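# sequence isn't available, so here's the structure alone:
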């Protein structure tokens, strides 16, 4: 834990992902919050890094490289993050990825502020239903 604390020290925010989760999501959290043992903390406040990690490419990589716990994907930093070949992008591409990452973070936070009972998993459950063409239920 001391390495993690040093990595996030002084950052206004940093990236986390649950070690084990139905969906591989990355979240920007306030730098004042210390991560608990079930979270993988990434010592970056960059919208660019957040956007790349949230991309379909990285999520697919993480699902293939990581393990599982029962029926849930598991993110192992040494298998999923450390060897990931972060793409070399042009300045314009970097700016676009950064903007998309910031929009994703902002959208999630707006939804949760408007609907405090909706979790990130709940949002992705709804997205999965929407993509499958399934009707929403009251739940």
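It's in. A quick note: this is a predicted structure, and the numbers were derived from the prediction, not measured.

# what's the burial count for residue 50?
25 (other C-beta atoms under 10 Å). In this view, the C-beta of every residue, glycine as well, is placed from N, C-alpha and C.

# how near is it to residue 31?
14 Å (C-beta to C-beta, to the nearest Å).

# end to end on stretch 3-13, go ahead and measure it.
Start and end residues of stretch 3-13 are separated by 16 Å (C-alpha to C-alpha, to the nearest Å).

# any idea which helix or strand carries residue 6?
Assessed by DSSP states H and E, residue 6 sits inside helix 2-8.

# which element follows that helix toward the C-terminus?
Toward the C-terminus, helix 2-8 is succeeded by strand 13-18 as the next helix or strand (DSSP H and E).

# which strands and helices sit next to that following strand?
Contact here means 3 or more C-beta pairs under 8 Å, 6 or more residues apart in numbering; DSSP states H and E; on that basis strand 13-18 packs against strand 27-30, strand 39-42, helix 47-53.

# contacting residues around it?
Strand 13-18 has contacts (C-beta atoms under 8 Å, 6 or more residues apart in numbering) with 7-8, 24-31, 35, 38-45, 49-50, 53, 75.
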